[in-house]
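In: requesting a structural model of the entry that follows:
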Amino acid sequence: MWNCRTPGIPDEMFERIEPVPITKEEVRVIALSKARLKEGNVVIDIGCGSGSITIEAALQVAPSGKVYAVDQDENAIKLTRENAKKFTVTNIELIHSKAQDAMSKLPAADAIFIGGTGGDTYDIIKLAYSKLKKNARIVIDTILIETMYHSLKAIEETKLENVDVTQITISKSKKVSTGTMMLARNPVIIISAQKP
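Out: Reported below is the predicted structural model:
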C-alpha cells in the first residue's frame, strides 16, 4: 500500500473514526525523524490513537524490528489493527491498557513515542525512562503548554540528554470559490531527548 522509502503516508490513506486522534502527516514525519529509527529497533508507541506513528515506525524498523502500540481506548486499538492490516504491517503488538500498567511488561526500547496520555505525561515519562536502552530516544508530541511543562520537568529529573523542543505550525491549502487559501492547524510541540 505504501511503497515509498520515506515516511509521510498521507492522512487520508489511514482508516479514521471520531474521536480517535491521528498524528498528522507533517508532524508525524518530524516526530519520526527525531526518533532516529533503524532496522531492527524496538519501539514503544504510548497513546497510539489511529496508529499512524505505529504503522510508520513499524515500516522503518522492519523486517526485524518491532513496535508495541499501547492505548487505553479500545477503539484506538481496533483502529490501529485495521490500519496495520491495510498497510500489511505485521511487526506490531497491540496492547489495550493504560500505559502505567503496560510499561512493566514491555521490553527495553530503542525509541519511545508518547502521544495521548490522558494527563499522565509526567508519570509516563518517568516509567518510560526505565525502558529506554542506553542512547535510546524519547519523542513526545503535545499541543498543551501544561503537557510541555510536565514533560520537560520529567526529562530534567531523569537527566535525559540532547533535549530538543520544536514547535511546528502548519497550514494546509484549501480550494475556495475564488482561489486557494491556507488553513492553519493547531501548533504542535515535539520534545525529544536521549538516554545517556
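In: now the helices for this structure?
Out: For the chain, the helices defined by DSSP state H occupy 25-35, 52-61, 74-86, 99-102, 121-131, 145-158.
In: out of these, which is the most enclosed?
Out: For the helices of the chain, the largest average neighbour count (mean count of other Cβ atoms under 10 Å) is found in helix 52-61, namely a mean of 26. Using the backbone N, CA and C atoms, a C-beta is placed for each residue, glycine as well.
In: check which helices and strands it sits against.
Out: With contacts taken as 3 or more Cβ pairs under 8 Å, 6 or more residues apart in numbering; DSSP states H and E, helix 52-61 sits against helix 25-35, strand 42-46, strand 66-71, helix 74-86, strand 92-96, strand 109-114.
In: list the contacts of I114.
Out: Contact criterion Cβ atoms under 8 Å, 6 or more residues apart in numbering gives I46, G47, T121, I124, I125, A128, I138, V139, I140, D141, S151 as the residues in contact with I114.
In: so can I have CSV of those showing distance to N75 and pLDDT?
Out: As requested, the contacts of I114 are exported to CSV (distance: Cβ to Cβ, whole Å; pLDDT from 0 to 100):
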residue, distance to N75, pLDDT
I46, 17, 96
G47, 13, 94
T121, 21, 91
I124, 20, 94
I125, 25, 95
A128, 24, 95
I138, 26, 98
V139, 24, 98
I140, 23, 97
D141, 19, 95
S151, 25, 96
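In: nearest to I92 among those?
Out: Comparing the contacts of I114 against I92 with Cβ to Cβ places I46 closest, at 13.7 Å.
In: can you check the pLDDT for K66?
Out: We have a pLDDT of 98 for K66.
In: any stretches of the protein with poor pLDDT?
Out: For the chain, the stretches with pLDDT under 70 are 117.
In: just give the nearest non-adjacent residue to H96, would you?
Out: Spatially, and ignoring its direct neighbours in sequence, H96 is nearest to I77 (4.6 Å; Cβ to Cβ, 6 or more residues apart in numbering).
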